[in-house]
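> no sequence on hand, only this structure:
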């Protein structure tokens, strides 16, 4: 691949605005805005042959598509990035990891494992110990959350009733602590979630070089409901964040402004139910637990504390 010319001052200034804006779309799965930004970035970079920078942006765009439920589109996109980028690049690694997550969401566990195996082996080649371990932790944490969520798909009676979910959530807010809600969630997790959590996690860890395994977070004890529940909370908070923390929605404006109307069931409960429904998560107590947790934290704390992260690591990120 011919080395492209240096970016012009205009390109640098425009990218400084466009790229962060594109990444921010991921939080709320704002696919329409992401598409517009991606078009602008492509018009800026493609004519000058800055393919690598363009494909880095496309990874963010396709991850946003994945979060917006456009799985087939995202899969096609990540496969395209992998074909165009050298397999020893960070961009290829990230596309491979995200492709694996797409397959997990579709329930194609064998295909997911194949991609994750390839991704972990590439992570093992990163020379910086801190950066390599940072990648491992981010990917493993994300895999655990995705496994929990995948196991919850179609687990429930098929539909959620607004009044029932809201009433259960209010009761939990009044009578249970966050830890006690975790206990409840842990007992509610279906066998499929626990099986995926343990089997895919174990498979992934076995691919990580031995010296790095001791730096990984300990697996949840499947015999302890609270540990499973905390893992479920982390996964479900990720889903809930998109439904209640989008600053462009009336719900967020009302909630962050301290308006009591935000706690009306037509706001928080309905928004979270809609978000869970996109995952086909329809168990009443699971939904009520998420609503209760969101209400307990309040707008500012919840939205600041549980911002969804990406598997991808910017080179400017601190080496955690």
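Thanks, I have the structure now. Quick caveat, the model's predicted, so the values are computed rather than measured. Numbering: from 1, shown residues only.

> alpha carbons only for contacts and neighbour counts from here, please
OK.

> is it correct that residue 189 is in contact with residue 152?
Yes. Using C-alpha atoms under 8 Å, residue 189 is in contact with residue 152, at 7.4 Å.

> neighbour count winner among those two?
Between residue 189 and residue 152, residue 152 has the larger neighbour count (other C-alpha atoms under 10 Å), namely 24 against 20.

> my read: that one touches residue 190, true?
Yes. Contact status for residue 152 versus residue 190: in contact at 6.9 Å, counting by C-alpha under 8 Å.

> quick check: nearest residue in space to residue 114, chain neighbours excluded?
Closest residue in space to residue 114, ignoring its immediate chain neighbours: residue 100 at 7.6 Å, by C-alpha to C-alpha, 6 or more residues apart in numbering.

> next up, phi/psi of residue 224, please.
Main-chain dihedrals, residue 224, degrees, to the nearest 10: phi -110, psi 110.

> report the contact partners of it.
The neighbours of residue 224, taking C-alpha atoms under 8 Å, 6 or more residues apart in numbering as the test, are residue 186.

> and the one helix or strand in the chain whose mean pLDDT sits lowest, what's buried?
The weakest-scoring helix or strand in the chain, judged by mean pLDDT, DSSP states H and E, is helix 250-256 (a mean of 75). Using 16 or more other C-alpha atoms under 10 Å as the test for burial, helix 250-256 gives 251-256.

> so which of the residues you listed would you say is closest to residue 135?
residue 252 (32.0 Å; C-alpha to C-alpha).

> now the closest one: how far from residue 25?
16 Å (C-alpha to C-alpha, to the nearest Å).

> surely residue 122 and residue 93 touch.
Yes. Residue 122 lies in contact with residue 93 (C-alpha under 8 Å); the separation is 6.5 Å.

> give me the more crowded residue out of those two.
residue 93 (24 against 21).

> about what we covered before: ok, the residue nearest to residue 114 - contacts?
111-116.

> can you give me the pLDDT of the nearest residue to residue 94 once chain neighbours are set aside?
Taking C-alpha to C-alpha, 6+ apart, and ignoring the residues beside it in sequence, residue 94 has residue 312 as its nearest neighbour in space, at 6.0 Å. Listed pLDDT for residue 312 reads 78.

> look at residue 312 and give its secondary structure.
coil (DSSP: H, G, I helix; E, B strand; the rest coil).
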